[in-house]
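Student: Structure for this input, please:
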Amino acid sequence: MSDNRIYLDNAATTSLDPQVLEAMMPYLTEKFGNPSSIYSYGRECRMAIETARKSVAKILNAHPAEIFFTSGGTESSNTAISAAIRDLGCKHIITSQIEHHAVSHTAAYLDKMDLVKLSFVKLLPNGHVDIEDLEKLLAASEEKTLVTLMHGNNEIGNMLDIHAVGNLCKLYNAIFHSDTVQTVGHIPFDLRNTPIHFITAAAHKFHGPKGVGILYINENVKISPFLHGGAQERNMRAGTENLYGIVGFAKALELATTGQEEDSAYIGTLKYYMYDELKKHIKGVAFNGDPLGSSLYTVLSVSFPKTEKSEMILFNLDINNICASGGSACTSGADQGSHVIRAINNNPNQVTVRFSFSKHNTKAEVDTVVKQLASLV
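Tutor: The predicted model follows:
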């Protein structure tokens, strides 16, 4: 970035790829037709949406009819969870204490309305879901159950084995929804061979535009719309389509997929490099989750010993043009601390910072940040 900013908050959002902007531009300028209009102008725009849908489906190895464009991960998760209760007869939700608020607040709302019974699966000390406990909960459940567990945790980076969970859900005839916002565009998916009913994604997590996402709905699942109105998105989501966003989503996913192997290897080296450098230079540094195990290559959650100096750490990083986040960036306003960190590491003597990387970061930036942190702690 030209303004000397070091941006290490890519799990919150990423920069828009110039090639994605280029693909979107025509739909912001001359190709402005309404995709629902029947003249050629509208049909052209409808074509762009269906081409994007096919492209996304092909990359995820899904059927185009299973891909629905939405405003992002939050809308997608709300739609899936609400529909599981309303349309699929689920009366019991099993989730974890470390889900994104788009999932946990939806589940809590349905619980408050007395529409479901809510259970939380135990977590292992390293932040992973206790699969044995999940099986116990499923076996004991007398009602149809929705399991909603995220694929890659946005704060600590832990990854779920979605095949293991999906197979358990199949065994106990449960519905399985996974918030895959941190993994779509970062790791390969093969949805035809994954036992799952719903997954979600947001373009802005992989260098696409903000305000557009997808909901994958397995073709064997029939649900009714969350938004009512016109027949857009094959009668599933009313409202004029976010045409340039949809085109941008598909382009960003295509670019992310082309560069996946190379980018993931490079970004992973940055994460491990920072891990090593912090251990070397900062006494008492600790890491949350399972950073060297089953973990996102983009996320490193670090805890520093709490001192008067380190309590101001995010503020001081910001003054020094370094963007990182405390726990999660999706909580606005006063920092109430992170529900994820509280669930797995309730140590009041530590201050947690999440660093998240993209292909645009460099080792030199990591060196600068580690040096800065050493002086702040």
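
Student: helix, strand or coil for the residue nearest to the spatial centre of the chain?
Tutor: By CA atoms, centre = their mean, the mean C-alpha position of the chain lies nearest to residue 181, the distance being 2.2 Å. Look at residue 181: counting by DSSP: H, G, I helix; E, B strand; the rest coil, its state is coil.

Student: how far away is it from residue 190?
Tutor: For residue 181, the distance to residue 190 equals 18 Å [CB to CB, to the nearest Å]. Glycine gets a C-beta too; all of them are placed from N, C-alpha and C.

Student: Check the gap between residue 248 and residue 132 for me.
Tutor: From residue 248 over to residue 132 (counting by CB to CB), the distance is 42 Å.

Student: Residue 19 too?
Tutor: 45 Å.

Student: So which residues of this protein form helices?
Tutor: Taking DSSP state H as the test, the helices found in the chain are 18-28, 40-60, 73-86, 101-112, 131-140, 162-171, 232-235, 243-258, 260-281, 313-319, 339-344, 363-376.

Student: So which of those helices is nearest residue 93?
Tutor: helix 101-112 (5.1 Å; CB to CB).

Student: Just the buried positions in the closest one, please.
Tutor: If you call a residue buried by 16 or more other CB atoms under 10 Å, then helix 101-112 has these buried ones: 102-104, 106-107, 110.

Student: Could you list every helix and strand that it packs against?
Tutor: With contacts defined as 3 or more CB pairs under 8 Å, 6 or more residues apart in numbering; DSSP states H and E, the packing partners of helix 101-112 are helix 73-86, strand 92-95, strand 117-120.

Student: so what's the nearest residue to residue 83 once chain neighbours are set aside up against?
Tutor: The shortest distance from residue 83 to any non-neighbouring residue, by CB to CB, 6 or more residues apart in numbering, is to residue 223 (3.7 Å). Neighbour list for residue 223: 79-80, 83-84, 86-88, 217, 236 [criterion: CB atoms under 8 Å, 6 or more residues apart in numbering].

Student: again, but for residue 283
Tutor: Taking CB under 8 Å, 6+ apart, one finds residue 305 in contact with residue 283.

Student: for the helices and strands packed on helix 101-112, which one sits closest to residue 271?
Tutor: Once the helices and strands packed on helix 101-112 are compared by CB to CB, helix 73-86 is nearest, at 22.4 Å.

Student: hmm, who's touching the closest one?
Tutor: By CB under 8 Å, 6+ apart, helix 73-86 touches 70, 90-91, 93, 100, 102-103, 106-107, 110, 115-116, 146, 148, 175, 177, 179, 181, 197-198, 200-202, 213-215, 217, 223-224, 226, 237.

Student: these two touch, right, residue 96 and residue 121?
Tutor: Yes - between residue 96 and residue 121 there is a contact at 5.3 Å, judged by CB atoms under 8 Å.

Student: More neighbours: which of those two?
Tutor: residue 96 (25 against 21; other CB atoms under 10 Å).

Student: Look up how far residue 209 lies from the more buried one.
Tutor: 30 Å.

Student: If you count surrounding residues, which of residue 248 and residue 132 has more?
Tutor: Each of residue 248 and residue 132 has its neighbours counted (other CB under 10 Å); residue 248 has more, 30 against 11.

Student: ok, now which ones touch the more buried one?
Tutor: Contacts of residue 248 (CB under 8 Å, 6+ apart): 16, 20-21, 23-24, 203, 208-209, 212.

Student: Just the buried ones among these, please.
Tutor: For the contacts of residue 248, buried by 16+ other CB under 10 Å: 16, 20, 23-24, 203, 208-209, 212.

Student: Could you identify the most distant pair in those?
Tutor: Longest span within those, CB to CB: 23 and 212, 12.7 Å.

Student: domains of this protein?
Tutor: 6-15+259-376, 18-258 (automatic domain parsing).

Student: could I get those as TSV with mean pLDDT?
Tutor: Below are those laid out as TSV (pLDDT from 0 to 100):
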stretch	mean pLDDT
domain 6-15+259-376	91
domain 18-258	97
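
Student: Of the helices and strands packed on helix 101-112, give the one that comes closest to residue 345.
Tutor: strand 117-120 (17.0 Å).

Student: Give me the sheet partners of the closest one and which way each runs.
Tutor: Next to strand 117-120 in the sheet, as set by DSSP bridges, lie strand 92-95 (parallel).

Student: how far does the strand it pairs with sit from the chain's center?
Tutor: Relative to its chain's centre, strand 92-95 lies at 19 Å (CA atoms, centre = their mean, to the nearest Å).

Student: Buried residues, it. List them.
Tutor: 92-95.

Student: which residues are in contact with that strand?
Tutor: With CB under 8 Å, 6+ apart as the criterion, strand 92-95 contacts 81, 85, 103-104, 107, 110-111, 116-121, 134, 137-138, 141, 143-149, 174.

Student: hang on, the earlier thing: of the domains of the chain, flag the one that's most buried.
Tutor: Looking across these with neighbours counted as mean count of other CB atoms under 10 Å, the highest average goes to domain 18-258: a mean of 19.

Student: Residue 130 contacts residue 122, doesn't it?
Tutor: Yes - using CB under 8 Å, residue 130 is in contact with residue 122, at 4.2 Å.
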